[in-house]
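*Asks:* The following comprises the amino acid sequence and a computationally predicted model.
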Amino acid sequence: MKKSAFTMLELVFVIVVIGILSAMIIPRLDRDNRFEAATQVLQHIKYTQHLAMTEDVYDDTDPDTGAGTGWFKERWEIQFYGCGGYAIHSDRGEDGGNAALADAALDPQTGKSLWIDAVCSAPNPNEFEKMNLVTYYNLDTPNGFDFSAGCNGQSLSFDTLGRPYGTNTINGVIKQNCDIQLNFPAGPEVVRVHPETGYACILDGVGGNCI
């Protein structure tokens, strides 16, 4: 009798454990494009900041020629495009601040270039395909991104201290929260970059708090 009761208790315990695991796993079986895209952008913003702090490409001996080149253009930068893609690069080749494939960062896992051109052309085998958020995450078009006034533009660069700049200009240090809103048919996701520190996070969408 005692053995039977003990076996039943074990069975109940197993059912409870399975229920808990199911509650944790099943919601993740449904792909959340919005959160995946926001997470990718967040990770790439942090990676851009990391590159700026560990790989100093800043050159104060390179004068500004007045043609869109110069030392302040060479910081590591993440640049967003109206077509729904973005690229991570340093303007070491002095291409007027535009993202050139030769200056692109490489994905640490795949070795592919974290780059796409300004019209979001189909990637070649050496380019990281998920840089086009429209194709891979169903980002809305033609207004896939919105930027708050604190962003001071549609690109973010970082200095060797990790401080964020809204544009590649001398006085472009961000002084307010920079909110990058990713627009989807089902609603937006927002990635926030904080001033001074460059700390970045995804907002919860309710109270505007980091999650």
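*Replies:* That came in fine, so what should we check first? Residues are numbered from 1 along each chain as shown.
*Asks:* quick one, strands of this protein?
*Replies:* Remark: strands assigned in the chain by DSSP state E are 76-80, 86-90, 145-147, 155-158, 164-165, 178-182, 189-193, 200-202.
*Asks:* Grab the nearest non-local neighbour of the residue nearest the centre of the chain.
*Replies:* The centre of the chain sits closest to residue 41, judged by CA atoms, centre = their mean, with a distance of 1.7 Å. Of all residues not flanking residue 41 in the chain, residue 191 sits nearest, at 5.4 Å (CB to CB, 6 or more residues apart in numbering). Any C-beta I mention is one placed from the backbone N, CA and C, and that applies to glycine too.
*Asks:* in the sheet, who's paired with that neighbour?
*Replies:* Counting by DSSP bridges, residue 191 forms beta bridges with residue 180, residue 202.
*Asks:* burial measure for it, as a count.
*Replies:* Using other CB atoms under 10 Å, residue 191 is surrounded by 21 other residues.
*Asks:* For residue 119, grab the count of nearby residues.
*Replies:* Neighbours of residue 119 (other CB under 10 Å): 9.
*Asks:* Also residue 34?
*Replies:* Neighbour number of residue 34 under other CB under 10 Å is 21.
*Asks:* So it sits against residue 185, correct?
*Replies:* No - in this structure, residue 34 is not within contact of residue 185 by CB atoms under 8 Å, at 9.6 Å.
*Asks:* Map the structural domains onto the sequence of the protein.
*Replies:* 1-30, 32-202 (automatic domain parsing).
*Asks:* Below-threshold pLDDT in the chain: ranges please.
*Replies:* Of all residues in the chain, those with pLDDT under 70 make up the ranges 1-6, 8-14, 16-17, 19-31, 58-73, 91-98, 168-171.
*Asks:* show me where it has helices.
*Replies:* Secondary structure of the chain (DSSP state H): helices at 2-29, 33-54, 133-137.
*Asks:* CA atoms only for the second one, dumped as PDB, please.
*Replies:* This points to helix 33-54. Coordinates of each C-alpha in helix 33-54 appear next as PDB, following Å, rounded to 0.1, in the frame of the first residue of the first chain:
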ATOM      1  CA  ASN A  33      10.400  37.900 -35.700                       C
ATOM      2  CA  ARG A  34      10.200  41.200 -34.000                       C
ATOM      3  CA  PHE A  35      12.100  40.200 -30.900                       C
ATOM      4  CA  GLU A  36      14.700  38.300 -33.000                       C
ATOM      5  CA  ALA A  37      15.300  41.300 -35.200                       C
ATOM      6  CA  ALA A  38      15.600  43.700 -32.200                       C
ATOM      7  CA  THR A  39      18.000  41.200 -30.500                       C
ATOM      8  CA  GLN A  40      20.200  41.100 -33.600                       C
ATOM      9  CA  VAL A  41      20.300  44.800 -33.900                       C
ATOM     10  CA  LEU A  42      21.100  45.100 -30.200                       C
ATOM     11  CA  GLN A  43      23.900  42.600 -30.400                       C
ATOM     12  CA  HIS A  44      25.400  44.400 -33.400                       C
ATOM     13  CA  ILE A  45      25.200  47.800 -31.700                       C
ATOM     14  CA  LYS A  46      27.200  46.200 -28.800                       C
ATOM     15  CA  TYR A  47      29.600  44.600 -31.200                       C
ATOM     16  CA  THR A  48      30.200  47.900 -32.900                       C
ATOM     17  CA  GLN A  49      31.000  49.500 -29.600                       C
ATOM     18  CA  HIS A  50      33.300  46.600 -28.700                       C
ATOM     19  CA  LEU A  51      35.200  47.000 -32.000                       C
ATOM     20  CA  ALA A  52      35.600  50.700 -31.300                       C
ATOM     21  CA  MET A  53      37.000  50.100 -27.800                       C
ATOM     22  CA  THR A  54      39.300  47.200 -28.800                       C
END
